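Visitor: turn this into a model:
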Amino acid sequence: NAENAYTQKVMADTEDLQQELYKEIVGRIKQTDESVPYFKNGYWYYTRYEEGKEYPIYARKKGSMDAKEEVLINANERAKGHDYYAVSGLQV
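Guide: Presented below is the predicted three-dimensional model:
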C-alpha cells in the first residue's frame with residue numbers, strides 16, 4: 001500500500017496522460033471476440049467475449065454453429081462481487 005501511495009504521488013502530474021493512453025489502448029482492442037470453435041463429441045465448443053465485459057463466456061452448440069447456444073460458464077456472472085475471477089483447468 002505504501003508503494004502504491006508513493007507511485008500515485010510521484011505520477012500525479014501524468015494522470016491525464018495515463019487516462020488518454022488507457023483509452024487509446026482499449027479503443028484498439030476488439031471488444032466482441034470469439035475463439036475458433038472446435039468439434040468434440042457432437043458439439044462445437046468456443047469462447048466468446050461481450051462488449052464491455054471483462055471475462056469470457058464458455059459455450060457450445062450441438063451439431064452445427066447454427067444451433068442454439070448452450071452457455072457452460074459465464075465468467076462475468078461468476079465474477080460478480082469479486083475483485084478478480086479466473087476459470088482454470090476447464091476440460092470437456
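Visitor: which residue lies nearest the spatial centre of the chain?
Guide: Most central in the chain under CA atoms, centre = their mean is residue 55, positioned 2.9 Å from the mean C-alpha point.
Visitor: got the residue ranges for the helices in this structure?
Guide: Secondary structure of the chain (DSSP state H): helices at 2-10, 15-27, 75-79.
Visitor: so of those helices, which one's packed in deepest?
Guide: Most buried of those by mean neighbour count (mean count of other CB atoms under 10 Å) is helix 75-79; its value is a mean of 15. (Each C-beta comes from the backbone N, C-alpha and C, glycine too.)
Visitor: check which helices and strands that one sits against.
Guide: Counting by 3 or more CB pairs under 8 Å, 6 or more residues apart in numbering; DSSP states H and E, the packing neighbours recorded for helix 75-79 are strand 57-62.
Visitor: the strand it packs on pairs with which strands, and in what direction?
Guide: Applying DSSP bridges, strand 57-62 is found paired with strand 43-49 (antiparallel), strand 69-74 (antiparallel).
Visitor: as a markdown table, the ones you listed with distance to residue 31, mean neighbour count and mean pLDDT would be great.
Guide: A markdown table is the format used below for the strands paired with strand 57-62 (distance: least, CB to CB, whole Å; neighbours: other CB atoms under 10 Å; pLDDT from 0 to 100):
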| stretch | distance to residue 31 | mean neighbour count | mean pLDDT |
| --- | --- | --- | --- |
| strand 43-49 | 7 | 18 | 96 |
| strand 69-74 | 17 | 14 | 97 |
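Visitor: for residue 8, which of the ones you listed is the nearest?
Guide: strand 43-49 (30.1 Å; CB to CB).
Visitor: quick one: that closest one to chain centroid distance?
Guide: Taking the mean of its C-alpha atoms, strand 43-49 sits 14 Å from the chain's own mean (CA atoms, centre = their mean, to the nearest Å).
Visitor: got the contact list for that strand?
Guide: The contact list for strand 43-49 (CB atoms under 8 Å, 6 or more residues apart in numbering) reads 31-39, 55-65, 67, 92.
Visitor: only alpha carbons, please: show it as PDB.
Guide: This file holds the C-alpha atoms of strand 43-49, laid out as PDB (Å, rounded to 0.1, in the frame of the first residue of the first chain):
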ATOM      1  CA  TYR A  43     -20.700 -30.300 -30.000                       C
ATOM      2  CA  TRP A  44     -18.900 -27.200 -31.300                       C
ATOM      3  CA  TYR A  45     -17.100 -25.500 -28.300                       C
ATOM      4  CA  TYR A  46     -15.900 -21.900 -28.300                       C
ATOM      5  CA  THR A  47     -15.200 -19.000 -26.100                       C
ATOM      6  CA  ARG A  48     -16.600 -15.500 -26.700                       C
ATOM      7  CA  TYR A  49     -16.400 -12.000 -25.100                       C
END
